[in-house]
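Trainee: model this:
(chains A and B)
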Amino acid sequence: MGGWKRTHSCGALRAGDAGKTVTLMGWVFRRRDHGGLIFVDIRDREGITQCVFNPGDGAEAHAKVQGVRGEFVLAVRGAVAPRPAGTENVKIPTGAVEVLARELKVLNDCRPLPFQLDSEGDAEVDETLRLKYRYLDMRRAPVLRAFQVRDLLCRAVRDYLHEHGFLEVETPFLTRSTPVGARDFLVPSRLQPGSFYALPQSPQLFKQLLMVAGFERYFQIVRCFRDEDLRKDRQPEFTQIDIETSFLDRDDFLPIVEGLVAAIWRRVKGVELALPFPRLAYDEAMARFGSDKPDLRFGLELRDVSALFVGGEFQAFAQVVGGGGAVKALRIPGAGSMSRKDLDDLTAEAKQAGAKGLVWIKVTAEGLNSPVAKFLSAVQDRLLSLTGAATGDLVLLVGDAPAVAATVLGRLRIDLARRFKLIPVDRDVFAWVIDFPLVEWNAGEKRWDAVHHPFTAPRDEDLPLFESDPGKARAKAYDLVLNGQEAAGGSIRIHQQSVQERLFGLIGISKEEARARFGFLLEALEFGAPPMGGIAFGLDRLAASLAGQESIREVIAFPKTQKGTCPLTDAPAPVDARQLRDLGIRVVEGADPA
RNA sequence: GGGCUCGUGGUGCAGCCUGGUUAGCACACUGGACUGUCAAUCCAGAGGUCGCGGGUUCAAAUCCCGUCGAGCCCGCCA
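Mentor: The predicted structure is shown next:
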């Protein structure tokens, strides 16, 4: 840089700096060439400053800047001057001043860009192209801002947890495959041919071992890997805030987590959250919202209207209720205007979600408008009062097993709330969902599966249910829900080896298999494991939410596409035959991935 | 594995439904003019396998089939 030193950032200069000689370094954001006078907006991470190239201030600099184009890297030296009256730019913080360029160094040139970085309109650049040139995409202020939010989030987490006695510990990425959960990413071992490491789906087992080690409070901001299909909120590698503590029961632990969330919101958004967060039992969340991660920013609660149909003339519902099922109702205010086609689509959606059918009722001034209106006349008044429906509203009914009816309407609740813009987007609503079932029946495999993971402790009083009625046993598990998304999930762990073995027995993992897969954990539990529990946040989702982004790709530096590829590096890619030989691996041509 | 949407100069879009001029517009790019602009302006210019393959037709960006890529969703994700 020829001995030049940057004296200020491009966001620093104000009216009070007039008269100073400064050196700015950055990229050419925009260039306005008036022939005799050339304006260059120079940009760095901190902002934009207008530089004026006037032959009278620096003839050589003015000559040089004629060849300068967008995104050239410049060093500009000159005097700060207040802008002539009437030419100030109120849109940028440095708009009161400009730099009268005396000297110019072109530190680097730049090819014509694959897409514009300075567009102010709503022209969206194709995302694959953005990712292929992510380093250019990231020069754009909104993209940078998302990463600054993520940085602030991480700092808030580290500061808060360190203040509360948590120790930051790293755990292995090369570990062993476990039988539960998502598909593992495998890494072949060269030194142990035929054996594989697995990348961790989460540091679950390690953090429990750290508790056995007596570290008492651990956290880690850690990458996790799951080889499953991608979504806008799911990447094959993602980041968790992983936390584990000893000697705390649920009600001691959750307030610590609430404090963490409050610290994050304070730091990133300057918002003071109301604590504690409300708690909903799983059963209640399902009954009222048809979801285990209800969006509580709006109402539209489900109602149970089973009683109206007992033995009634509407045979379909009468049979459902008679057979132990339920009829649930969802009222959407103002949705009575939906067309027949919209309602047909809605019915298709309900069926896709598992319902046998969907009953829709438009409430009009003349009465109920519905394909099954003739069956409803007897219960019309009670239906309207139970649901609170009024003229112009739409009421949806699903009769099925209680869980199915609730889930279907829960999905329609979200869909319709979005469609009719009933969701206030200007606030964040948190809630805990607690008392999850411990296990659920897997009809396909004819066995019980752990709902959370197999190290989750049952509520003490539910332990006897293992033998009598496992489906009724509730877990010491908790999810933190933010605006209808799962922000974090965790549990109090089983810390006694005998209980752990009983649970493995219940979910059909034999003693031998358990010993083979995580005997190391079972053994550790025999050496004085303390009571322990923890939680893990999805950091990317949290960051996306804080940055006001829909997709976590916006807060991941170099994310993958939906097919798991990286447009920038073209990963994944074939490797040399030599590398495969070292690993003892042969690629089967035409192999059909299941 | 399945459903829906999209693919047109470097970028963002129009044209496609209803096949038929030289595929149009804006930005970027190149050359020129211009001393107060800030999405500078004005003049001129260059730049297109209409994702790819096949079919229908006298004729395909346009209609049909297949395929590839991207996005959203379902399944999947303890």
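
Trainee: Show the contacting residues for A:Gly334.
Mentor: Counting by Cβ atoms under 8 Å, 6 or more residues apart in numbering, A:Gly334 touches A:Gly392, A:Asp393, A:Phe420. All C-beta atoms are positioned from the backbone trio N, CA, C, and that covers glycine.

Trainee: The same query, at a cut-off of 6 Å, please.
Mentor: For A:Gly334, the contact set (Cβ atoms under 6 Å, 6 or more residues apart in numbering) comprises A:Gly392.

Trainee: next one: A:Ala59
Mentor: Contacts of A:Ala59 by Cβ under 6 Å, 6+ apart: none found.

Trainee: Any idea how many residues pack against the nearest residue to A:Glu127 once chain neighbours are set aside?
Mentor: Leaving aside its sequence neighbours, A:Glu127 sits nearest to A:Arg553 (Cβ to Cβ, 6 or more residues apart in numbering; 7.5 Å). Summarising burial for A:Arg553: neighbours were counted as other Cβ atoms under 10 Å, giving 22.

Trainee: Tell me if I'm right that A:Arg553 and A:Lys560 touch.
Mentor: No. Using Cβ atoms under 6 Å, A:Arg553 is not in contact with A:Lys560; the gap is 8.2 Å.

Trainee: Using CSV, list the CA coordinates for stretch A:7-23.
Mentor: The C-alpha atoms that make up stretch A:7-23 are tabulated as CSV, following Å, rounded to 0.1, in the frame of the first residue of the first chain:
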residue,chain,number,x,y,z
THR,A,7,-6.9,6.7,9.0
HIS,A,8,-10.7,6.4,9.1
SER,A,9,-13.4,4.0,8.1
CYS,A,10,-15.9,5.0,5.4
GLY,A,11,-18.6,5.4,8.0
ALA,A,12,-16.6,7.6,10.4
LEU,A,13,-16.5,11.2,9.0
ARG,A,14,-18.8,13.9,10.3
ALA,A,15,-19.1,17.6,9.9
GLY,A,16,-16.7,18.1,12.8
ASP,A,17,-13.9,16.3,10.9
ALA,A,18,-13.8,19.1,8.3
GLY,A,19,-10.3,20.2,7.5
LYS,A,20,-8.6,16.9,8.4
THR,A,21,-6.5,15.1,5.9
VAL,A,22,-7.7,11.5,5.8
THR,A,23,-6.9,8.3,4.0
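
Trainee: List the buried residues for that stretch?
Mentor: For stretch A:7-23, burial by neighbour count (16 or more other Cβ atoms under 10 Å) applies to A:His8, A:Ser9, A:Cys10, A:Gly11, A:Ala12, A:Leu13, A:Asp17, A:Val22, A:Thr23.

Trainee: Which stretches in the stretch 451-594 of chain A count as helices?
Mentor: Per DSSP state H, counting those that start in this stretch, the stretch 451-594 of chain A carries helices over the ranges A:465-468, A:497-506, A:511-525, A:539-546, A:577-583.

Trainee: so what does the longest one touch, helix or strand wise?
Mentor: Right, helix A:511-525. Helices and strands touching helix A:511-525, by 3 or more Cβ pairs under 6 Å, 6 or more residues apart in numbering; DSSP states H and E, are helix A:204-212, helix A:497-506.

Trainee: So what touches the last one?
Mentor: Yep, that's helix A:497-506 we're talking about. A:Trp448, A:Pro454, A:Phe466, A:Pro470, A:Ile494, A:Ala514, A:Leu522, A:Leu525, A:Glu526.

Trainee: What about RNA strand B: which of the buried residues of stretch A:7-23 touch it?
Mentor: Among those, no residue sits close to RNA strand B (Cβ under 7 Å from any atom of the strand).

Trainee: Looking at these, which one is closest to A:Gly78?
Mentor: A:Val22 (7.0 Å; Cβ to Cβ).

Trainee: show me what contacts that closest one?
Mentor: A:Val22 touches A:Thr7, A:His8, A:Val80, counting by Cβ under 6 Å, 6+ apart.

Trainee: now the buried residues of stretch A:7-23 in a markdown table, with secondary structure?
Mentor: Shown next, in a markdown table, are these (DSSP: H, G, I helix; E, B strand; the rest coil):
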| residue | secondary structure |
| --- | --- |
| A:His8 | coil |
| A:Ser9 | coil |
| A:Cys10 | coil |
| A:Gly11 | coil |
| A:Ala12 | coil |
| A:Leu13 | coil |
| A:Asp17 | helix |
| A:Val22 | strand |
| A:Thr23 | strand |
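
Trainee: Tell me which two in those residues are the farthest apart.
Mentor: Spanning the widest gap among the buried residues of stretch A:7-23 are A:Gly11 and A:Thr23, at 14.9 Å by Cβ to Cβ.

Trainee: which non-adjacent residue is nearest A:Lys207?
Mentor: Using Cβ to Cβ, 6+ apart and skipping residues adjacent in sequence, the residue nearest A:Lys207 is A:Glu244, 4.0 Å away.

Trainee: what's in contact with the helix or strand of chain A with the lowest mean pLDDT?
Mentor: For chain A, the helix or strand with the lowest mean confidence is helix A:340-352, at a mean of 84 (criterion: mean pLDDT, DSSP states H and E). Residues outside helix A:340-352 that contact it (Cβ under 6 Å, 6+ apart): A:Leu358, A:Trp360, A:Val408.

Trainee: cool, and stretch A:258-267?
Mentor: So stretch A:258-267 is contacted by A:Leu152, A:Leu153, A:Ala156, A:Tyr160, A:Val271, A:Leu273, A:Leu275, A:Pro276, A:Phe277 (Cβ under 6 Å, 6+ apart).

Trainee: likewise stretch A:319-327?
Mentor: So stretch A:319-327 is contacted by A:Asp304, A:Val305, A:Ser306, A:Phe309, A:Val310, A:Phe317, A:Leu397, A:Gly399, A:Asp400, A:Ala401, A:Pro402, A:Ala405 (Cβ under 6 Å, 6+ apart).

Trainee: Also stretch A:457-477?
Mentor: Counting by Cβ under 6 Å, 6+ apart, A:250, A:435-436, A:438-439, A:448, A:452, A:456, A:491-494, A:502, A:506 sit against stretch A:457-477.

Trainee: out of those residues, who's near RNA strand B?
Mentor: Of the residues in the contacts of stretch A:457-477, proximity to RNA strand B by Cβ under 7 Å from any atom of the strand holds for A:His452.

Trainee: Separate out the buried members of the contacts of stretch A:457-477.
Mentor: Applying 16+ other Cβ under 10 Å to these, the neighbour count classes A:250, A:435-436, A:438-439, A:448, A:452, A:456, A:491-494, A:506 as buried.

Trainee: Just among the contacts of helix A:497-506, which is most surrounded?
Mentor: Result: A:Ile494 is most packed of the contacts of helix A:497-506 (other Cβ under 10 Å), 25 neighbours.

Trainee: Right, I'll leave it there.
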